[in-house]
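K.L.:
Just to be clear, the model below is a prediction. Sequence and coordinates:
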Amino acid sequence: MSKESTEKQIRLRLVYIDFWSATRNSFIVSLTLSLVLAVVNILGWLIFTVLGVVDTLNGIVSSIVGIDFMGLTNLMSFPSVLVFTLIQIIASLVCGTAIGGFAALGFNFIARITGGIRVAFTND
């Protein structure tokens, strides 16, 4: 009872990527990665604060410098971490979206010269 499969192979050539589609998709990917990085930043700050890593490093720097150095504690305060996280989100969104758009433009330029990428599909 073996059924003979009739596989048909279709060969296409990818020669153009729409700029706005690539930009929209790269924006969504950048937004997702930015939100993941924001959660990692805030969770990292929470873990470092609960474990006392910041206070320990502050004590080490104070013993090396010889004065009561509170700069690291002020630098690692929650508002400072939030500002850093927001700056990171904005930079990641702008750069990720721009890279996606420029990659589409670059592919389109190279595809004109080389003829694109050959893709083969089979029907199972």
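P.N.:
Right, received. Where do you want to start?

K.L.:
Residue 81: neighbouring residues, count only.
P.N.:
18 (other CB atoms under 10 Å). Bear in mind the C-beta positions are built from the backbone N, C-alpha and C, glycine included.

K.L.:
likewise residue 104?
P.N.:
As a burial measure, residue 104 scores 20 neighbours (other CB under 10 Å).

K.L.:
what does the one 5 residues further on give?
P.N.:
If you count neighbours by other CB under 10 Å, residue 109 ends up with 10.

K.L.:
Tell me which other helices or strands the helix or strand bottoming out on mean pLDDT in the chain touches.
P.N.:
In the chain, the helix or strand scored least confidently by mean pLDDT, DSSP states H and E is helix 71-75, which has a mean of 74. With contacts taken as 3 or more CB pairs under 8 Å, 6 or more residues apart in numbering; DSSP states H and E, helix 71-75 sits against helix 53-65.

K.L.:
in the helix it packs on, what's buried?
P.N.:
Neighbour counts over helix 53-65 (16 or more other CB atoms under 10 Å) mark 54, 58 as buried.
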